[in-house]
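> sequence and predicted structure, then a few things I'm wondering about:
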Amino acid sequence: MKYSLYNLVKNSFSYHENWEKAWSSPDLKPEYDVVIVGGGGHGLGTAYYLAKEFGVKNIAVLEKGWIGGGNTGRNTTIIRSNYLWDESAALYNHAVNLWEGLSSELNFNVMFSQRGLFHLAHSVHDMQEITRRGYSNYLNGIDAEILNQDQVAKKIPHINVNGRYPVLGALLQRRAGTARHDAVAWGYARAAENLGVDIIQNCEVKGIDISNGKVVGLQTTKGSVKVDKVGLVPAGHSSVLANMAGFSLPINSVPLQALVSEPVKPILDCVIMSNSVHVYVSQSDKGELVVGAGSDAYNSYSQRGSFDMIEHMMAPLVELFPIFSRLKMLRSWGGIVDVTPDRSPIIGKTPVKDLFINCGWGTGGFKATPGSAHVFAETVFRGEPNDIAAPFSLERHFSGALVDEAAAAAVAH
Amino acid sequence: MFIINCPYCGERDQTEFTCHGEAHIARPDNPSEISDEEWGRYLFFRENPKGTHFERWTHDHGCRRWFNVMRDTVTDQIIKTYKMGEAKPEISNE
Ligand SMILES: Cc1cc2nc3c(=O)[nH]c(=O)nc-3n(C[C@H](O)[C@H](O)[C@H](O)COP(=O)(O)OP(=O)(O)OC[C@H]3O[C@@H](n4cnc5c(N)ncnc54)[C@H](O)[C@@H]3O)c2cc1C
Ligand SMILES: [Zn+2]
């Protein structure tokens, strides 16, 4: 059923009790052409584009918990594309282009809100970094405005530009913003199912069957399944899945936390990021402040971070916005993120034939969801990455052609 | 939060320490002879296990010494701490 004004009115006569389920719970079939492991936004999106753009008919997405229960449903939803290197600019801007049409593409409101993102600079070095990155963005056709202190103070009410680490300026990307994370998972799931994709929840992949160097099947908690091709999109669990297939990855899985405040009236109409004092914040449509910062430095699959990180998030927040100091924080949670040495993702082939991987998005992959899913669908379908995905191969860790966004700006989100 | 047992100072709060990733990775003896792939594996590839992990920590706000930790990455429980140079403990399967 299409979501439309007509159907909204029609369903109101039955008190909205008869809406169709957005997706069903089919049984696992014995055989699929393509199986995607991991029902986050990237995995569901991959299945959607495989069906929609490449006409693949027999696809399943296997999710060990519930769809969107991983990092897709745990992140602070910042979307931007103002990365330094050409390779990243191409990838993340491909995503922003798709975000702009995503709600109508999926017939599901993902609440993409291009409210603008200010990346604060607190030192001469920071000013040089945002200037360099801003010019690199211009050259790549990405919108960027380099602001001075007065402009920042004028555009962001309540910000304290004269704190211990004064705000000297900011890099503004107006096309950046936020989206509703759950809606992204749900929207892709519903649209994928409409194209015949089986979405199987509570189905954990426990083993990968390989014959003569080619993937041939999967062992799951719902039985075994034969496959022609497999796409692994398991985020924090990437190394676990890779181990099942007999190879390792240049990845460490670490906890990353976020928290939200009690809801208040509109007070912040943009996204604020600061790498130097390290906090980022935006206000959700419900009125909560959504706050995040850095990850813990140790490997963990515990799904929760250490307590002192919360203080590290709050201290810079109240320094930048003294007005927030009396707000109560309501909830905090953690996700396990898969971090690569250069902070860029891994998209492409693996040592096993017909087994592809899309991982390493670490602390910043939500923004890439549609772009990542789109290029990965093509990679799985053709067996080779396209021009946008090619620089992000696993092979770059041997050739040395890293896409070093970590060294570029220590940019996390 | 953990309490970490520094082999030199005893039990201290986790915030005094920093983790520096996987332990027991030996630098190749013959750097000019090994392949790009072998270099890549040495520099970047990690075990990243869901379970027992051997890792290096420093006691930054204490004795400032480096030591190794055997820890479960699912529960974050520390199984053992030991000095640099000591053998990697066995993983028991109970
Ligand atoms: C606190 C926090 C804040 C963040 N903030 C931002 C931000 O502001 N902006 C941004 O761009 N990014 C952010 N990120 C990063 C972003 O959330 C991720 O990069 C992105 O959501 C990854 O999407 P995914 O679909 O690959 O992973 P996930 O949504 O994690 O999906 C992977 C799925 O695989 C499943 N799975 C794992 N193992 C198996 C198995 N064996 N069998 C079956 N299924 C399995 C998992 O259950 C999971 O649902 C943040 C992350 C966190 C944790
Ligand atoms: Zn000590």
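Thanks, I have the structure now. Ligands and ions are numbered 1, 2, ... in the order given.

> which other residues reach the host helix or strand of A:H397?
In this structure, A:H397 sits in helix A:396-399 according to DSSP states H and E. Applying Cβ atoms under 8 Å, 6 or more residues apart in numbering or on different chains, the contact partners of helix A:396-399 are A:250, A:341, A:402-403, B:36-37, B:39-40, B:43-45. (Each C-beta comes from the backbone N, C-alpha and C, glycine too.)

> again, only this time at 7 Å
A:250, A:402, B:36-37, B:40, B:44 (Cβ atoms under 7 Å, 6 or more residues apart in numbering or on different chains).

> are any of those residues buried, and which?
Those of the contacts of helix A:396-399 that meet the buried threshold are A:250, A:402, B:40, B:44, by 16 or more other Cβ atoms under 10 Å in any protein chain shown.

> in which helix or strand would I find the residue most central in space within chain B?
In chain B, the C-alpha nearest the mean C-alpha coordinate belongs to B:E55, at 1.3 Å (Cα atoms, centre = their mean). Taking DSSP H and E as the definition, B:E55 sits inside strand B:52-58.

> partner strands of that strand, parallel or antiparallel?
Its sheet considered, strand B:52-58 pairs with strand B:18-22 (antiparallel), strand B:66-72 (antiparallel) by DSSP bridges.

> could those be laid out in JSON lines, adding mean neighbour count?
Shown next, in JSON lines, are those (neighbours: other Cβ atoms under 10 Å in any protein chain shown):
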{"stretch": "strand B:18-22", "mean neighbour count": "16"}
{"stretch": "strand B:66-72", "mean neighbour count": "20"}
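
> in CSV, list those strands along with distance to A:H16 and mean pLDDT.
Rendered in CSV, the data for these read as follows (distance: least, Cβ to Cβ, whole Å; pLDDT from 0 to 100):
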stretch, distance to A:H16, mean pLDDT
strand B:18-22, 50, 96
strand B:66-72, 47, 97
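
> in chain A, which residue is most central in space?
Within chain A, one residue has its C-alpha closest to the average C-alpha position: by Cα atoms, centre = their mean, that is A:F366, at 1.4 Å.

> show me what counts as buried in stretch B:48-60.
Of all the residues in stretch B:48-60, those buried under the rule 16+ other Cβ under 10 Å are B:48-50, B:52-59.

> try stretch A:279-291
A:279-284, A:288-291.

> ramachandran angles for whichever residue of the stretch 51-200 of chain A sits closest to ligand 1?
Of all residues in the stretch 51-200 of chain A, A:G70 sits closest to ligand 1, with a separation of 2.4 Å (Cβ to the nearest ligand atom). Listed backbone geometry of A:G70 is phi -90, psi -140, with angles given as degrees, to the nearest 10.

> ok so, going back, what's the closest of the buried residues of stretch A:279-291 to B:K83?
Within the set of the buried residues of stretch A:279-291, A:V279 lies nearest B:K83; the separation is 37.2 Å, counting by Cβ to Cβ.

> how near is that closest one to A:T221?
Computed as Cβ to Cβ, to the nearest Å, the A:V279 to A:T221 distance reads 39 Å.

> show me what from chain B comes close to ligand 2.
B:6, B:8-9, B:59, B:62-63 (Cβ under 5 Å from the ion).

> now, of these, which are buried?
Of the members of these, the ones counted as buried by neighbours, 16+ other Cβ under 10 Å, are B:6, B:59, B:62.

> out of those, which comes closest to A:G177?
B:H59 (42.8 Å).

> show me where the chain has helices.
Picking chain A for this. A:5-12, A:41-54, A:86-106, A:124-139, A:149-155, A:181-194, A:238-244, A:308-320, A:369-382, A:396-399, A:405-409 (DSSP state H).

> not quite, go with chain B.
Under DSSP H, chain B gives helices at B:36-44.

> domain assignment for chain A?
According to automatic domain parsing, chain A is divided into the following domains: A:20-74+A:182-250+A:342-409, A:114-172+A:252-338.

> against B:W39, how distant is the residue lying farthest from the centre of chain B?
In terms of distance from the mean C-alpha position of chain B, B:E33 ranks first, at 27.5 Å (Cα atoms, centre = their mean). When Cβ to Cβ is applied, the distance between B:E33 and B:W39 equals 11 Å.

> so which of the helices of chain A is the most packed in?
Between these, the one whose residues have the most neighbours on average, counting mean count of other Cβ atoms under 10 Å in any protein chain shown, is helix A:41-54 (a mean of 27).

> show me how far that one is from its chain's centre.
Here the centre of mass of C-alpha atoms in helix A:41-54, compared against the chain's by Cα atoms, centre = their mean, to the nearest Å, lies 15 Å away.

> list of residues touching that helix?
Among residues not part of helix A:41-54, those counted as contacts by Cβ under 7 Å, 6+ apart are A:34, A:36, A:56, A:59, A:61, A:67, A:72, A:184-185, A:188-189, A:191-192, A:195-197, A:231, A:233, A:358, A:365-366, A:369-370, A:372-374, A:376-377, A:380-381.

> now it and helix A:181-194, what's the angle there?
On the basis of axes from the mean of the first three to the mean of the last three Cα atoms, to 10 degrees, helix A:41-54 is oriented at 30 degrees to helix A:181-194.

> what's around A:P345, how many residues?
Number of residues near A:P345 (other Cβ atoms under 10 Å in any protein chain shown) recorded here: 26.

> go on, A:G69?
Residue neighbour count, defined by other Cβ under 10 Å, stands at 17 for A:G69.

> next, it: phi, psi?
Backbone phi and psi, for A:G69 under degrees, to the nearest 10, turn out to be phi -80, psi -10.

> against A:R396, how distant is it?
Remark: distance between A:G69 and A:R396 (Cβ to Cβ) = 30 Å.

> dump the residues of chain B next to ligand 2 to TSV, plus distance to ligand 1.
As requested, those are exported to TSV (distance: Cβ to the nearest ligand atom, whole Å):
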residue	distance to ligand 1
B:C6	30
B:Y8	34
B:C9	33
B:H59	28
B:G62	30
B:C63	33
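
> any idea which of these is closest to B:R27?
Using Cβ to Cβ, the shortest approach to B:R27 within the residues of chain B next to ligand 2 belongs to B:H59, at 23.4 Å.

> pLDDT score assigned to residue 23?
With no chain named, the answer covers chain A. A:W23 is assigned 91 on the pLDDT scale.

> was after chain B, sorry
97.

> and it, how many residues sit next to it?
Here the count is done by other Cβ under 10 Å, and B:A23 has 18 residues near it.

> which intervals of chain B have sub-threshold pLDDT?
Filtered on pLDDT under 70, chain B yields the residue ranges B:1, B:93-94.

> now with 80, please.
B:1-2, B:92-94 (pLDDT under 80).

> show me the contacts for residue 88.
Using chain A here. A:344, A:403, A:405.

> the chain in question should be chain B.
Residues in contact with B:K88, defined by Cβ under 7 Å, 6+ apart, are B:24, B:54.

> can you tell me how far it sits from ligand 1?
27 Å (Cβ to the nearest ligand atom, to the nearest Å).

> up against chain A, what does chain B have?
Near chain A, the residues belonging to chain B are B:1, B:14-15, B:18-19, B:21, B:36-37, B:40, B:44-48, B:50, B:53, B:55, B:73-76 when assessed by Cβ under 7 Å from any Cβ of the partner chain.

> thinking again about what came up before, so what pairs up with the residue nearest to the centre of chain B in the strands?
Bridge pairing for B:E55 - DSSP bridges - gives B:E22, B:V69.

> distance of it relative to A:N75?
In this structure, B:E55 and A:N75 are separated by 26 Å, where distance is defined by Cβ to Cβ.
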